[in-house]
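Enquirer: No sequence on hand, only this structure:
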């Protein structure tokens, strides 16, 4: 409406800007100037150009012409752009440099902090979000407001993973960086945490300086970000897009290469080796590494991590060397440990399933009595009173008179506790 009020009318300019009519560049530029200047004489005027990083050459030349020739009235330019996209477009970068030499001021908007993400989430959903939800959305979005909206929209639609339109956008950004940089980004995505250029170089089999140059290029494009002298993915959505796009065979090879490199460290990180050998689908190495990680998790009282490691060992149990399998008491003993870890971690239904799988008739009577007593407790905490009653009765059936005192006390006190809690004092 403001444009149409200018004398002479600027209908031609609107039609030319929208592509409705063809017009020579010189005529378009002059028409733009003769439209903006009269407006600026009447009232303060702001010309807003959104997403400058997607601009074409004519748009960029028009802005340079306008900034040089329109020197009357009170008017200004407001340009928005994504820094990561500009880094991959030299022509846009040159335009900004030219405008900055005039009167353009640059304002960088940082990502939102977790409290600000919580505020945005509350404004979208109409309810104060829970702490774990804020942490998850912040981690996946990197504090970028647009991505906060995308994560919440995906949650509302019941979608998992990365929305298709974002995935295609992210992958296109990575491909534009070239094959060498894309390979470095893949290593960081597969690693899933911050890493240095040495690990990337050794994984890819290239010189360290080559890996550093590729990583720095990814940082300039805002695909990676520096983190304590290391590199990590900009946010989790971007990491998931890159990781999920890898062909399965290549993904396994990268996990295997990373595990091989990590294993050469003087004190390798046990949990990382357990994860990467498992994802590499190396059964024996995965079973041994996760068994070692389970021992460490048990030592530091981390039941949820312990359950994860034991689940992986059980998945590849047949690949364990015979002496190691015997040392841990066999599959049934591992199932019992995993059930107890699930119980301590609050996953009561899983505790029941694992405990039931670990009860076999090949066990000694004392072991059976103890296993049934533990199963009864898991049934009770999962709100299954009849299941608890049945398991306690089976536990008593297997309790022999010559059972060790510790077994007798566990089975009988467990049953007494159940009867007390069930109101049968």
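Expert: Yes, it's here. For clarity, every value in this text was computed on a predicted model and none was experimentally measured.
Enquirer: how about the nearest residue to residue 89 once chain neighbours are set aside, what does it touch?
Expert: Nearest non-adjacent residue to residue 89, counting by Cβ to Cβ, 6 or more residues apart in numbering: residue 53, 6.0 Å away. (C-beta placed from N, C-alpha, C; glycine too.) By Cβ atoms under 8 Å, 6 or more residues apart in numbering, the contact list for residue 53 reads 81-82, 85-86, 89, 92.
Enquirer: Mind checking which of these are in helices?
Expert: 85-86, 92 (DSSP state H).
Enquirer: Would you mind listing the residues in contact with residue 185?
Expert: Residue 185 sits next to 174, 177, 218, 223-224, 233, 242 when contact means Cβ under 8 Å, 6+ apart.
Enquirer: For it, which three-state class applies?
Expert: Three-state call for residue 185 (DSSP: H, G, I helix; E, B strand; the rest coil): helix.
Enquirer: Just the pLDDT at the residue nearest to residue 344 when sequence neighbours are not counted, thanks.
Expert: Excluding its sequence neighbours, the residue lying closest to residue 344 (Cβ to Cβ, 6+ apart) is residue 303, at 3.8 Å. For residue 303, the model assigns a pLDDT of 92.
Enquirer: And residue 18, by the same measure?
Expert: Per-residue confidence (pLDDT) for residue 18: 66.
Enquirer: Same check on the one 4 residues further on?
Expert: What the model reports as pLDDT for residue 22 is 79.
Enquirer: cool, and the one 3 residues further on?
Expert: With respect to pLDDT, residue 25 has a value of 84.
Enquirer: Ok, the one 10 residues further on next?
Expert: Reading off the per-residue confidence, residue 35 sits at a pLDDT of 84.
Enquirer: Report the separation between it and residue 66.
Expert: For residue 35, the distance to residue 66 equals 10 Å [Cβ to Cβ, to the nearest Å].
Enquirer: Compare those two (neighbour count), which wins?
Expert: Between residue 35 and residue 66, residue 35 has the larger neighbour count (other Cβ atoms under 10 Å), namely 23 against 18.
Enquirer: pLDDT weak spots in the stretch 101-250 of the chain?
Expert: Along the stretch 101-250 of the chain, the model assigns pLDDT under 70 to residues 102-103.
Enquirer: just the helices in it please.
Expert: For the stretch 101-250 of the chain, the helices defined by DSSP state H, counting those that start in this stretch occupy 114-125, 131-141, 145-156, 164-176, 179-191, 197-204, 208-220, 236-245, 248-262.
Enquirer: Format the ones you listed as a markdown table; extra columns: distance to residue 364.
Expert: Formatted as a markdown table, the helices of the stretch 101-250 of the chain follow (distance: least, Cβ to Cβ, whole Å):
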| stretch | distance to residue 364 |
| --- | --- |
| helix 114-125 | 53 |
| helix 131-141 | 43 |
| helix 145-156 | 50 |
| helix 164-176 | 54 |
| helix 179-191 | 45 |
| helix 197-204 | 48 |
| helix 208-220 | 56 |
| helix 236-245 | 46 |
| helix 248-262 | 38 |
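Enquirer: do you know which of those helices lies nearest residue 96?
Expert: Minimum separation from residue 96 across the helices of the stretch 101-250 of the chain (Cβ to Cβ) falls at helix 208-220, 14.7 Å.
Enquirer: Tell me the helices and strands packed up against the closest one.
Expert: Counting contacts by 3 or more Cβ pairs under 8 Å, 6 or more residues apart in numbering; DSSP states H and E, helix 208-220 packs against helix 179-191, helix 197-204, strand 224-227, strand 230-233.
Enquirer: Among the ones you listed, which comes closest to residue 393?
Expert: helix 179-191 (50.5 Å).
Enquirer: Wait, residue 374 touches residue 339, no?
Expert: Yes: if you go by Cβ atoms under 8 Å, residue 374 and residue 339 touch, sitting 6.9 Å apart.
Enquirer: can you list residues touching both of these two?
Expert: Here residue 374 and residue 339 have residue 355 as joint contacts, going by Cβ under 8 Å, 6+ apart.
Enquirer: any chance you could map the helices in the stretch 301-425 of the chain?
Expert: Using DSSP H, counting those that start in this stretch, helices in the stretch 301-425 of the chain cover 303-315, 322-327, 330-344, 348-357, 365-381, 385-397, 405-421.
Enquirer: I'd like the distance from the fourth one to the chain centre, please.
Expert: To tie it back to what came earlier, the one meant is helix 348-357. Computed by Cα atoms, centre = their mean, to the nearest Å, the separation of helix 348-357 from the middle of its chain amounts to 29 Å.
Enquirer: Next: the first one.
Expert: The chain centroid and the centroid of helix 303-315 are separated by 21 Å, computed with Cα atoms, centre = their mean.
Enquirer: likewise the fifth one?
Expert: What separates the centre of helix 365-381 from the centre of its chain is 39 Å, taken as Cα atoms, centre = their mean.
Enquirer: Name the residues that touch it?
Expert: Applying Cβ under 8 Å, 6+ apart, the set of residues contacting helix 365-381 is 336, 339-340, 343, 348, 351-352, 355-356, 358-359, 361, 363, 385, 387-392, 394-396, 398-400, 403-404, 407, 410-411, 414-415, 418, 421.
Enquirer: hmm, which of the residues you listed are the buried ones?
Expert: Among the contacts of helix 365-381, those buried by neighbour count (16 or more other Cβ atoms under 10 Å) are 336, 339-340, 343, 348, 351-352, 355-356, 358-359, 363, 387-389, 391-392, 394-396, 398-399, 403, 407, 410-411, 414-415, 418.
Enquirer: Which residue comes closest to residue 356 once chain neighbours are left out?
Expert: In this structure, residue 356 finds its nearest non-sequential neighbour in residue 375, 6.5 Å apart by Cβ to Cβ, 6+ apart.
Enquirer: Give me the neighbour count for the one you found.
Expert: Residues within reach of residue 375, counting by other Cβ under 10 Å, total 26.
Enquirer: Going forward, the N-terminal residue is numbered 48.
Expert: Okay, residue one is now 48; in that scheme the one you just asked about reads as residue 422.
Enquirer: what pLDDT does it get?
Expert: pLDDT at residue 422 comes out at 95.
Enquirer: Distance of it relative to residue 357?
Expert: Between residue 422 and residue 357 the distance is 17 Å, computed by Cβ to Cβ.
Enquirer: Fine by me, we can end here.
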